[in-house]
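In: got a predicted structure here, sequence first:
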Amino acid sequence: QQDVTEQKEKTRLLEVLFNGTFQFIGLLETDGTVVRVNDTALEFGGFDRQDIVGEPFYEASWWTHSEEAKNRLREALDRGADGEFVRYNTEVNGKDGFAMIDFSVKPVTDDCGDVVLLVVEGRDITDREEKRKRMGMVQRVMRHNIRNDLTKVRGWAQIMSEEPDADTRLD
């Protein structure tokens, strides 16, 4: 009885870890078939578990907005199935619109070193990317304004340096 209770407790803890994160997490077969997906990912996509489990991950509507995104995902899953860790930023489509995510595919190996599963993970970085873009725009505007002001100062300095009369330079 203790073994069963212990196993149930371990399963419960793993379930809490899997579903208690703000990140999107999925467990896939090496061919890309979804074995499990956490509640956060389901909520973001507006899916029921039965809509996703048993289906190809790349066919989920997260990826269907763009052939490029779908192809890049397939390539990442293939590389993961070959034992490579893959990570990149990509846009995904959720029930409330698009989000930019930091996405990764991590292979899980057995005792012989063979890849048996893939862990896919996504962290929403939309806010961070929007802030980065806004800061880039502010920096471009600031550089432009500073260059304009420096050009004016340089022009005035040149005019003043060419004026021989000291009293006129003070005006």
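Out: Now that the structure is in, tell me what you want to look at.
In: any stretches of this protein with poor pLDDT?
Out: Applying pLDDT under 70 to the chain flags the ranges 1-2, 11, 16-20, 127-129, 132, 136, 138, 141, 166-171.
In: could you look up the next helix or strand downstream of the strand ranked longest in it?
Out: When the chain is parsed with DSSP state E, its longest strand is strand 97-109. With elements assigned by DSSP states H and E, the helix or strand that comes after strand 97-109 is strand 115-124.
In: and the longest helix for the protein?
Out: Criterion DSSP state H: the longest helix present in the chain is helix 126-162.
In: off-centre distance for that one?
Out: 31 Å (Cα atoms, centre = their mean, to the nearest Å).
In: so what does that helix touch, helix or strand wise?
Out: In this structure, helix 126-162 packs against strand 97-109, with contacts taken as 3 or more Cβ pairs under 8 Å, 6 or more residues apart in numbering; DSSP states H and E. C-beta: built from backbone N, CA, C; applies to glycine.
In: what residues does stretch 77-91 touch?
Out: Applying Cβ atoms under 8 Å, 6 or more residues apart in numbering, the external contacts of stretch 77-91 come out as 28, 30-32, 57-58, 65-66, 69, 72-73, 76, 98-107, 109, 115, 118, 120, 125, 129.
In: for that stretch, list the C-alpha coordinates in PDB.
Out: This file holds the C-alpha atoms of stretch 77-91, laid out as PDB (Å, rounded to 0.1, in the frame of the first residue of the first chain):
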ATOM      1  CA  LEU A  77      11.500  18.800 -34.100                       C
ATOM      2  CA  ASP A  78      13.700  16.800 -36.600                       C
ATOM      3  CA  ARG A  79      16.800  18.200 -35.000                       C
ATOM      4  CA  GLY A  80      15.500  17.400 -31.600                       C
ATOM      5  CA  ALA A  81      14.700  13.900 -32.600                       C
ATOM      6  CA  ASP A  82      18.400  13.600 -33.800                       C
ATOM      7  CA  GLY A  83      19.500  14.600 -30.300                       C
ATOM      8  CA  GLU A  84      20.100  18.300 -30.700                       C
ATOM      9  CA  PHE A  85      18.800  21.000 -28.300                       C
ATOM     10  CA  VAL A  86      17.100  23.700 -30.400                       C
ATOM     11  CA  ARG A  87      16.100  27.200 -29.200                       C
ATOM     12  CA  TYR A  88      14.800  30.300 -31.100                       C
ATOM     13  CA  ASN A  89      12.200  33.100 -30.800                       C
ATOM     14  CA  THR A  90       9.100  32.700 -32.900                       C
ATOM     15  CA  GLU A  91       5.600  34.000 -33.200                       C
END
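In: fine, thanks again, bye for now.
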